[in-house]
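Asks: Curious how this folds, go ahead:
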Amino acid sequence: MPERIDFWGIPQPWGPILVYSIVSLAAIVFLVRFYRQASLWWKVGRPERRWNHPLLRLWNLVKVSIAQLRILRQRYPGIMHLTLAWAYFVFFLGTALATINGHFFKFLEGSPYLIYKFVLDIFTIVFMVGAVMAAFRRFVKKPDRLTLSPRYTWSLIFIIAIVINGLLVESFRLAIQKPDWALWSPAGWALAQLWIVTGIPQVVLQGLHVAFYTIHFLSVSALFVILPASSLVHIVTGPLNAFFAELDRPTGRLAALPLNKQSEPIYASTLRGLTWKQLLDADTCTECGRCQDVCPSYNAGGEISPKLLVVKVRDALRRDGRAIAAGGPSPLLVGDGISEAMVWSCTTCGACDQECPVLIDHTGLAVDFRRYLVSEGKVETRLSETLANLSRYGNSFGQSERARPRWAQSLPVKVRDARKEAVEYLWFVGDYASYNPQVTDVTRQTAEIFQKAGLDFGILYEGERNSGNDVRRVGEEGLFEFLVEKNTAALGKCTFQKMITCDPHTYNTLRNEYPAEVMGGRPVQHSSELLQELAASGKIQLTKKLGYRVTYHDPCYLGRYNQVYAAPRELIEATGCTLVEMPRHGAQALCCNAGGGRIWMDEGSLRERSERPSESRVREAAALPGVEMLVVACPKDLVMFRDAVKTTGLEGKLVVKELAELVGESMA
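Replies: Take a look at the predicted model:
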């Protein structure tokens, strides 16, 4: 037995030397092991610039990794994780302060020491609350999205054991010393009373104190050693990923297709084709499954799981990374570990990226894999035909460019040709609004509203081509650039001050992806924004209060990508309708499954679906008490949801209308 028990609870003077030596060695092992893994990011992955805006990056780290604001979007798992993470942060800081106080200079004395002890003990209680929540969730609730492998279970058990052990050490010390301030360690004091009441001899308590302290510091040392290879590595990679998150590109802009020194495209066929940041993304994934929970394709029975897409990259890096870094071959990713069906299932709705608590870019990864598949000609027949139509005719319907303005022929007043005369607003109509017979009536009605409002607007007529938003997200970068060139040439012939469009996909790519010199600083508006402005200014009179009880679907590329939420809702209310929100609305709205080129693909190419996302969405709308109408603000949504109403047997129970239809009816 030791001659005396001090703050550290170990023999003097060799005890502290032994403890610090072991812990320091464990820390060195951690650094070496983590560096070996982290070095694969830049040894295997392509270069990518992520060192700019250091202050903004630090602020991002604070919000995401310290305040954990994204994690708290979901209440139960958010509170659970926050209690565990912050408790461990306080424990780490408390240990560091105790080390400084005990061996360098004294500053924890008197009241500061009592406050220090109280905070540590309170966070022990906080941690135990989080541990109980985590255990209940993992062993009782067992949500499908959660990876329930033993690797994650043992990590949870291990960190709980370390904290319980630390509490026992504290309780033994308090039972031995019985200091006047013991109540400032409420959890330790309460447990110490148990040892005192049971009459355990002091010599036994001293032995237990030393034994459990030894177990405690050895467990902490073991945690350092195993952490780089455990599920807990996100403690380090999470803050790194937050710091290196994308800050230069708006959410709606994809990264450009990279080129090598010979100006040849680099495709993401192997790990070598990914950037170091994408490999960091893969190593950061906590497998929490939040991305999977909000994925429309996964929940409809599709092949994709955003979580598995990233995890398969991580597994490939850990399996092949060292050999690749040493100059070995880099095996194919897509077609080997990652199925083609998984890549094509993505709707690029961005819900997974928004929900991820560690800022992983799932959508960009899926698009990079698609670029590779397109380059190899591994495209299903229907999509291939659509891309051929876009290349030849400039639209996805394969119709003549002269048929594009046909919808405007029956208007009482001819729509101006923006290529021939200056206009204030250039209306980029889009494919579905120009060609789809389910949508052209709405397009015509929108034009009539603009004319009644005295709006100075024009269109490109046959000079317009598909904007390229979905073409790019399909992975056909070359065709996207071709369409941009064609539209740029047409826009170059026009004099206008603002641009409007009814299509959120077009809105996104014009606003975020077209070259700045093409747009010339001129703003792009969605039609809902413009109609709301016209109504608010009195340029259109919404005199008839409709009185419908309606719900509204937020298009992904209008809401989640470009934060346009208020204007459509204000316009709905201005028509005299009562708006009832769906459970999934705003930033959490469910994708209709049209985005990312999915509307051009064959559903039969994927495994059998139980229900399409569009069908789930109309059922969600129809289930709202008293709701008789689903209002949309996207031509593709109009088509998808009207079809879904038919296939779900909801005809006569739910009507799908475009926002402009409500405005037109209210103006009557």
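
Asks: where does this structure dip in pLDDT?
Replies: Within the chain, the ranges that satisfy pLDDT under 70 run 1-15, 604-610.

Asks: so what's the residue most central in space within it up against?
Replies: For the chain, residue 353 is the residue whose C-alpha lies nearest the centre (Cα atoms, centre = their mean; 1.7 Å). Contacts of residue 353 were listed using Cβ atoms under 8 Å, 6 or more residues apart in numbering, and they are 251, 291, 359-363. The C-beta positions use only the backbone N, C-alpha and C, and glycine is treated the same way.

Asks: and which of those is nearest residue 597?
Replies: Minimum distance to residue 597 across those is 12.8 Å, recorded for residue 363 (Cβ to Cβ).

Asks: Need the three-state assignment for the closest one.
Replies: Under the three-state scheme (DSSP: H, G, I helix; E, B strand; the rest coil), residue 363 adopts helix.

Asks: ok, now how distant is it from residue 348?
Replies: 5 Å (Cβ to Cβ, to the nearest Å).

Asks: quick one, domains of the protein?
Replies: 14-242, 249-375, 397-534, 537-667 (automatic domain parsing).

Asks: Arrange those domains in a markdown table, one row each, with distance to residue 391 as further columns.
Replies: Output for the domains of the chain, formatted as a markdown table (distance: least, Cβ to Cβ, whole Å):
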| stretch | distance to residue 391 |
| --- | --- |
| domain 14-242 | 29 |
| domain 249-375 | 12 |
| domain 397-534 | 6 |
| domain 537-667 | 13 |
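
Asks: Residue 387 is nearest to which of those domains?
Replies: Of all the domains of the chain, domain 397-534 sits nearest to residue 387, with 5.7 Å by Cβ to Cβ.

Asks: Figure out the length between the terminal residues of that closest one.
Replies: Using Cα to Cα, to the nearest Å, the span of domain 397-534 from its first residue to its last is 32 Å.

Asks: hmm, back to that, which SSE is the residue nearest to the centre of the chain in?
Replies: Element membership for residue 353 (DSSP states H and E) is helix 351-355.

Asks: before we move on, back to that, ok, which pair from the contacts of residue 353 is furthest apart?
Replies: Maximum distance among these (Cβ to Cβ): 15.6 Å, for 251 and 291.

Asks: The two - which one has more neighbours?
Replies: The neighbour comparison of residue 251 against residue 291 (other Cβ atoms under 10 Å) goes to residue 291, with 26 against 16.

Asks: you'd agree the more buried one is in a helix?
Replies: Yes - the assignment for residue 291 by three-state DSSP puts it in a helix.

Asks: Now for it: which residues touch it?
Replies: The contact partners of residue 291, taken as Cβ under 8 Å, 6+ apart, are 305-307, 351-353, 355-356, 360, 362.

Asks: related to what we said a few turns ago, could you check which of residue 363 and residue 348 has the larger neighbour count?
Replies: Counted by other Cβ under 10 Å, residue 363 and residue 348 do not tie: residue 348 has more neighbours, with 28 against 23.

Asks: Looking at the contacts of residue 291, which two lie furthest apart in space?
Replies: 305 and 353 (14.4 Å).

Asks: May I ask which of the contacts of residue 291 has the most neighbours?
Replies: Ranked by neighbour count (other Cβ under 10 Å), those have residue 306 at the top, with 30 neighbours.

Asks: could you measure that one against residue 613, distance?
Replies: Distance of residue 306 to residue 613, computed by Cβ to Cβ: 15 Å.

Asks: Same check on residue 142?
Replies: According to Cβ to Cβ, residue 142 stands 25 Å off from residue 613.

Asks: quick one, which of the two is more surrounded?
Replies: residue 613 (23 against 9).
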